[in-house]
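Novice: coords please:
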Amino acid sequence: MKVDRLISIVLVLLDKNRISAQELADMFEVSLRTIYRDIDAIELAGIPIRSTSGVGGGFEIMPNYKIDKKVFSTADLSAILIGLSSISNMIQSDELRNTLAKVKSFIPTERAKEIELKVNQIYIDFSQWIGNSNIQSYIEIIKVALQENKLLSFDYIAHRGNKTTRVVEPYQLVLKSTHWYVYGYCLKRNDFRLFRLSRMSTLQKQKETFIPRDYQKPKLEFADVLATLQTNIKIRIHKSIVDRVLDYCPYENFIPDDKEHYIVSFPFIENDYYYDIVLSFGDKCECLEPLHVREKMKQRIYDIASLYKK
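Specialist: Down below sits the predicted model:
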């Protein structure tokens, strides 16, 4: 593709002091005429190219236009590469690949091994171990819709299993606490909403475009709200599920009860979500206090048991 070749030529010119037209033609397996046309296109894009004729001549980017590779420290380049590599694991795009190539072009040869070592010290992978297999393809559909200002349509499973069909103007793709969301204006509700990708089905990019609205970014930080709603309950757990309970509270909340059990001060909000979390610990967990939460747990366990009496 011509665009990819043009970007690659720019990267080569940034990396080298000077290169001949024949070298570029051989490198990209095109004719000299094509290379000259590509150089003209690059200049039209605003990148100043200087050509020198004769022996040792060729093309080069004007020195004042180049960024000194020494501007970026080893820590700078490592941090940028870690971030870009992590995103590219989940979101595949030519833009990300080209950006990665550009950043790598700033790495001096003498520092390449050092930077590679530091980048490999941290690996971030947003892909799921298990879960909805549609997430990856949905991210790609949403990404294109965002770029083209195209409407999205999908079926959505909301709270308590209510299923609705939505048409949405997408504005932002959000990753929050291992879950992907799309933030957009819902034409059904006439308001901005945050939709979780795992609760979508039949997602499609529509042919219709939309004129972007003014909008505020979604509220994603709920520490203040949680502080007013959240209380601590007392649970007794078996040591075999300590690792699971640590996903929800720090080890400082654990007090040994005997050789096999712990008493845990567990953060809790009185809604279905938190009751389901405690129930997920099965017979390795007992709610001790407060009494009304314990009684509700007993009722839920009774309701579950009644399903298996038939």
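
Novice: and the residue nearest the centre of the chain, what element?
Specialist: When Cα atoms, centre = their mean is applied to the chain, the residue found nearest the centroid is Leu175 (5.1 Å). Using DSSP states H and E, Leu175 sits within strand 163-176.

Novice: Quick check: next helix or strand after that strand?
Specialist: Counting by DSSP H and E, what follows strand 163-176 is strand 179-186.

Novice: how about Ile49, phi and psi?
Specialist: phi -110, psi 130 (degrees, to the nearest 10).

Novice: Where do the strands of the stretch 201-310 of the chain begin and end?
Specialist: Taking DSSP state E, counting those that start in this stretch, the strands of the stretch 201-310 of the chain run over residues 231-238, 254-256, 261-268, 285-289.

Novice: Pick the most buried one from the ones you listed.
Specialist: A comparison of those by mean neighbour count, using mean count of other Cβ atoms under 10 Å, puts strand 261-268 on top with a mean of 19. C-beta: built from backbone N, CA, C; applies to glycine.

Novice: ok so, going back, dump the strands of the stretch 201-310 of the chain to JSON lines, plus mean pLDDT and distance to Ile139.
Specialist: Shown next, in JSON lines, are the strands of the stretch 201-310 of the chain (pLDDT from 0 to 100; distance: least, Cβ to Cβ, whole Å):
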{"stretch": "strand 231-238", "mean pLDDT": "96", "distance to Ile139": "36"}
{"stretch": "strand 254-256", "mean pLDDT": "96", "distance to Ile139": "37"}
{"stretch": "strand 261-268", "mean pLDDT": "96", "distance to Ile139": "31"}
{"stretch": "strand 285-289", "mean pLDDT": "97", "distance to Ile139": "35"}
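
Novice: of those, which approaches Ile61 most closely?
Specialist: Closest to Ile61 of these is strand 261-268 (Cβ to Cβ; 56.4 Å).

Novice: Return the residues in contact with Ile301.
Specialist: Leu279 (Cβ atoms under 8 Å, 6 or more residues apart in numbering).
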